[in-house]
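Asks: Provided below are the primary sequence and the corresponding predicted coordinates.
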Amino acid sequence: MTGPVSPQVLAANAGYLASVLMFMFGIMRMGKVKTARSGNQLAAGAMLLAMVSQFVEMGRIEPWFIVAGIVIGSVVGVVAAIKVEMTEMPEMVALFNGSGGLASALVALAAYAFHHIPMQPLMSASMGEAAPSAVNGLAVMLSIVIGCVTFTGSLIAFGKLSGKVSGSPVLLPGRHVINAALLIMSLGGSVMVVFTTGGMPGMGIVIAVTVMALILGVMLVIPIGGGDMPVVISLLNSYSGLAAAMAGFAINSQVLIVSGSLVGAAGLILTQIMCKAMNRSLTNVLFGGFGAEPEAGGKGGGADEYTNVKSAEAEEVAMILEDVQSLIFVPGYGMAVSQAQHLVRELGDMMAARGCQVRYAIHPVAGRMPGHMNVLLAEASVPYEQLFELDQINNEFKATDAVIVIGANDVVNPDAVNKKDSPLYGMPVLNVWEARTCFVIKRSLSPGFAMVKNPLFEADNNYMVFGDGRKALEEIIKCLKEA
Amino acid sequence: MTGEVLVGFYTFILACVAGYQLITKVPPTLHTPLMSGANAISGITILGALAMTNGHGTIAATIVGCLAVIFAMVNVAGGFMVTERMLKMFGSKKK
């Protein structure tokens, strides 16, 4: 920047700086239960301030397109946010991720279109007065690539989560080669063209790269199974931040760079946590095609492989629960599917009223999104103090009278601890089999995401309660009331 | 490489490190809200979208920019709102 800075630009930059700080403190506060809500509000305030500062910087505003865009976007976003069921939260987050990625890609495309016609004066001071450099051009291309991958990747993730696309991995032959080719071509193409023309790439290349990136997003997510979605969503979240940061480079905006990187880092941390919880590397999740077919040496886990499975009716469960002094609930994806969280809370409250100690054990990858179970139980007003993480509660099962597993499978598989050749071996699981009695509420003996047999189902102290989570709980509650 | 880009690069690296340090230990309860909140923040790209729409560039830039405003705004408004909804539930059941 050369020459005197106008007061307008100065004021705007003060606003940007303040909003960046607010974002930082906001995201810091979002990491702690007590301060999370104020953290979110602070971040929302930061966004408002940043937008106002942008208007100040722009000065003369041509309102129609801007107002229309803001109104349409806000209405869609707010309606979606209000209407969404808590059980559909993973789908919602996936869609928002995709929307953010697409927005960044579009900003980059617009920046490209903006510079494409020579002699156009650049009105926005945030874009600098200088002609676009090769780096700006490269950032434009990267923002398009990352944004487009985020967009279509999120759409596929949404499809898998909502059951519109098959949740099981779709493994195309030669997909690694195709993906590598797409990636190299889109990145290589961007770099080459940017540097050979010394500024902005040609239109044909931009379109080609955009299309390749869109395909790449689909190709990267389609081979990943439904149970690995917590990792995928976290990673796409990280990408949406990265896309925004790249858009920042494209138009020389520090606010975009800082905020985008913050989100990128946050998403990466969550990705790591999720991978660790599954005892798998990120590479394995992304390229492994896990759960596509029975692993060699493993078993398919069909119903016919089980012998000695004991099942219990609601009355029997209620009878046993009558004498129970301590109870731990283990919720899984099945609870979300049957929306049974309120009934779980009801049963928990009934047991607590009888003087029973009630706790909930949450596996980090239970559900389809990081923290999925926590959100559902919070919706059902389960006290936060009753929720326990894996490390906190795993030694408690030994001294517990009863465990009720609702719609979970792989996260309570004893093979992860006992059987060295199991594909699950080494994954941290909840040791529910150590409790005196264990109930598993589940539709059938069908295998979980890992497609392996679960020996818990034929353990001596385990009873299967077959049926939909909601119905089974309703019946148990009814029987317990009558008792 | 212009100075501004270089500064941007420093900013990028520092912000990544800062972001990583700010949120190392997140209790699992907050994983979802943190993600949707962070997601809303990635809607910051709205600033770029606004600049492009308003930029007196080509008509193509204005239209594409306007689309970007719509999608970024969905992300911003929806993201913060849904996070607030979730966090309100977390707070409400303190006895």
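Replies: Okay, I see it. Numbering: from 1, shown residues only, chains lettered A, B, ... in the order given.
Asks: going forward, measure contacts and count neighbours with C-alpha atoms only.
Replies: Fine.
Asks: count of neighbours near the residue lying closest to A:Ala44 once chain neighbours are set aside?
Replies: Of all residues not flanking A:Ala44 in the chain, B:Phe80 sits nearest, at 6.3 Å (C-alpha to C-alpha, 6 or more residues apart in numbering or on different chains). Counted with other C-alpha atoms under 10 Å in any protein chain shown, the neighbours of B:Phe80 add up to 27.
Asks: try the one 10 residues further on
Replies: When neighbours are defined as other C-alpha under 10 Å, B:Phe90 has 25 of them.
Asks: distance of it from A:Ala378?
Replies: Separation of B:Phe90 from A:Ala378 (C-alpha to C-alpha, to the nearest Å): 6 Å.
Asks: what touches both of these two?
Replies: Both B:Phe90 and A:Ala378 are contacted by A:Tyr384, under the criterion C-alpha atoms under 8 Å, 6 or more residues apart in numbering or on different chains.
Asks: about what we covered before: assumed the residue nearest to A:Ala44 was part of a strand.
Replies: No. B:Phe80: not assigned to a strand; according to DSSP: H, G, I helix; E, B strand; the rest coil it is helix.
Asks: you'd agree it is up against B:Ser36?
Replies: Yes. Counting by C-alpha atoms under 8 Å, B:Phe80 touches B:Ser36, with 7.4 Å between them.
Asks: so B:Gly79 sits against B:Ser36, correct?
Replies: Yes. Under the criterion of C-alpha under 8 Å, B:Gly79 makes contact with B:Ser36 at 5.7 Å.
Asks: give me the common contacts of those two.
Replies: A:Val93.
Asks: distance check, A:Lys453 against chain B.
Replies: 28 Å (C-alpha to the nearest C-alpha, to the nearest Å).
Asks: now that residue, what are its backbone angles?
Replies: phi -70, psi 150 (degrees, to the nearest 10).
Asks: residues near it, how many?
Replies: Neighbours of A:Lys453 (other C-alpha under 10 Å): 24.
Asks: and A:Gly153, by the same measure?
Replies: A:Gly153: 30 surrounding residues under other C-alpha under 10 Å.
Asks: skipping adjacent residues, who's closest to A:Val79 in space?
Replies: B:Gly78 (7.7 Å).
Asks: what residues does the one you found make contact with?
Replies: A:74, A:76-81, A:96, B:40.
Asks: and residue 19, what pLDDT?
Replies: The chain I'm using is chain A. Listed pLDDT for A:Ser19 reads 95.
Asks: wait, chain B
Replies: So B:Gly19 comes in at 84 (pLDDT).
Asks: that one contacts A:Ser261, doesn't it?
Replies: Yes. When contacts are counted by C-alpha under 8 Å, B:Gly19 is listed as touching A:Ser261 (7.1 Å).
Asks: between those two, which is the more surrounded one?
Replies: The neighbour comparison of B:Gly19 against A:Ser261 (other C-alpha under 10 Å) goes to A:Ser261, with 32 against 26.
Asks: so who does residue 26 touch?
Replies: As the question left the chain open, I've gone with chain A. Counted by C-alpha under 8 Å, 6+ apart, A:Gly26 has contacts A:38-43.
Asks: wait, chain B was what I had in mind.
Replies: A:31-32.
Asks: cool, and B:Gly37?
Replies: Counting by C-alpha under 8 Å, 6+ apart, B:Gly37 touches A:27, A:40, B:79-80, B:83.
Asks: which two among these are spaced furthest apart?
Replies: Spatial extent of those (C-alpha to C-alpha) is set by the pair A:Ile27 and B:Gly79 at 13.7 Å.
Asks: how far out from the middle of the chain is the helix ranked longest in chain B?
Replies: The helix that spans the most residues within chain B, counting by DSSP state H, is helix B:3-22. Centre-to-centre, helix B:3-22 and its host chain are 16 Å apart (C-alpha atoms, centre = their mean, to the nearest Å).
Asks: again with stretch A:427-443
Replies: That offset, for stretch A:427-443, works out to 25 Å (C-alpha atoms, centre = their mean).
Asks: same thing with stretch A:321-337?
Replies: 25 Å.
Asks: list the contacts for the nearest residue to A:Gln357 once chain neighbours are set aside?
Replies: Nearest residue to A:Gln357 in three dimensions, chain neighbours excluded: A:Ser326, at 4.5 Å (C-alpha to C-alpha, 6+ apart). A:Ser326 makes contact with A:356-358, A:400-402, according to C-alpha under 8 Å, 6+ apart.
Asks: for A:Leu430, same thing?
Replies: Residues near A:Leu430 by C-alpha under 8 Å, 6+ apart: A:361, A:363, A:390, A:394, A:411-413.
Asks: closest one of those residues to A:Lys478?
Replies: A:Ala361 (24.1 Å).
Asks: does that closest one touch A:Leu390 like I think?
Replies: Yes. Here A:Ala361 reaches A:Leu390: they are 6.5 Å apart, a contact under C-alpha under 8 Å.
Asks: more neighbours: those two, which one.
Replies: Neighbour count, other C-alpha under 10 Å: between A:Ala361 and A:Leu390, A:Ala361 has more, with 24 against 17.
Asks: which SSE is the more buried one in?
Replies: Element membership of A:Ala361 [criterion: DSSP states H and E] is strand A:357-362.
Asks: could you give the mean pLDDT of that strand?
Replies: Per-residue scores along strand A:357-362 average to 94.
Asks: could you list every helix and strand in contact with that strand?
Replies: Packing partners of strand A:357-362 (3 or more C-alpha pairs under 8 Å, 6 or more residues apart in numbering or on different chains; DSSP states H and E): strand A:326-331, helix A:341-353, strand A:387-389, helix A:390-393.
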